[in-house]
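Asks: 3D, please:
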Amino acid sequence: MKKKVGSLPVVNAGKPRAKRMSPEARHEQILNAGISAFAERGLANATHADIAERIGVSIPTIFHYFPSIENLQQAVLQAIHRYFVDEMITARLKTEGPAYERVENLLLTFQEQIDRNSEYVTIWLEWSGFTRGLIWQLYLEFYKEAVAGLRKMLLQGRVDNSVSSTINASDAARVIMGMAHTIAHMRFAGSSKRTVENTVHSLVMSYLAPDR
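Replies: Purely as a prediction, here's the structure:
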């Protein structure tokens, strides 16, 4: 048998095939890529194509798991909802200590997320600025649950006298939510961590702490 002379191996010029994953792992990978894409490009601007490019899969693969951009937005925002409520607010309902100190710890932990988990904070900040449509409805659900958790923490403080007797728990819960926005704005505008810490401490001690 004659050998072919000068034949060269065929080079596949296409993109490498994406690593095989279980459906659950692929779903999580797409969700995480969605968080990155929305943080970078904005909730209204990121597309299925952006996410496909980030993880090296086809655009139809993204559509298979999330048939519309609204599906993807909802999944990302629900993940952020659960993180901030479950890991930050609800967790502190079960801890010991004066309520005003737990609130201060919560706000300072939120500040840490700007350094450690900035994509979540970036999306949350944009999310809160929508005033219509599905994104706004999802934010209202988050806001309602977050305020309810903060109110519960403050009512715990009423029981053990670890918050000011003059505050209204519902009003104060909304003030704390507003303080989270202030923290994010301060840090993204260039304020130091120390400046934010001093601002938070001043608010907590003058507004929430019990009378001495």
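
Asks: Please count neighbours and contacts with C-alpha atoms only from this point.
Replies: OK.

Asks: the longest helix in this structure is where?
Replies: Using DSSP state H to define each element, the chain has its longest helix at helix 133-159.

Asks: just checking, next helix/strand downstream of that one?
Replies: Next along the chain after helix 133-159, taking DSSP states H and E as the criterion, comes helix 169-188.

Asks: Give me the helices and strands touching that following helix, please.
Replies: helix 99-116, helix 118-127, helix 133-159, helix 193-203 (3 or more Cα pairs under 8 Å, 6 or more residues apart in numbering; DSSP states H and E).

Asks: what about it, average pLDDT?
Replies: Helix 169-188 shows an average pLDDT of 97 in the prediction.

Asks: Ok, stretch 75-90 next?
Replies: 97.

Asks: now swap in stretch 59-68 and tell me
Replies: 97.

Asks: Give me the distance from that stretch to the chain's centre.
Replies: Stretch 59-68 sits 23 Å away from the centroid of its parent chain (Cα atoms, centre = their mean, to the nearest Å).

Asks: Can you list the buried residues in it?
Replies: For stretch 59-68, burial by neighbour count (16 or more other Cα atoms under 10 Å) applies to 62-63, 66.

Asks: Kindly reformat these as TSV and extend each row with distance to residue 56 and secondary structure.
Replies: Below are those laid out as TSV (distance: Cα to Cα, whole Å; DSSP: H, G, I helix; E, B strand; the rest coil):
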residue	distance to residue 56	secondary structure
62	11	helix
63	14	helix
66	16	coil
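
Asks: For those residues, give me TSV that also has distance to residue 49.
Replies: Shown next, in TSV, are the buried residues of stretch 59-68 (distance: Cα to Cα, whole Å):
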residue	distance to residue 49
62	8
63	10
66	12
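
Asks: Need the residues that contact the helix or strand of the chain with the lowest mean pLDDT.
Replies: Lowest on mean pLDDT, DSSP states H and E among the helices and strands of the chain sits helix 91-93, with a mean of 94. Residues from elsewhere that reach helix 91-93, judged by Cα atoms under 8 Å, 6 or more residues apart in numbering: 102, 106, 149, 152-153.
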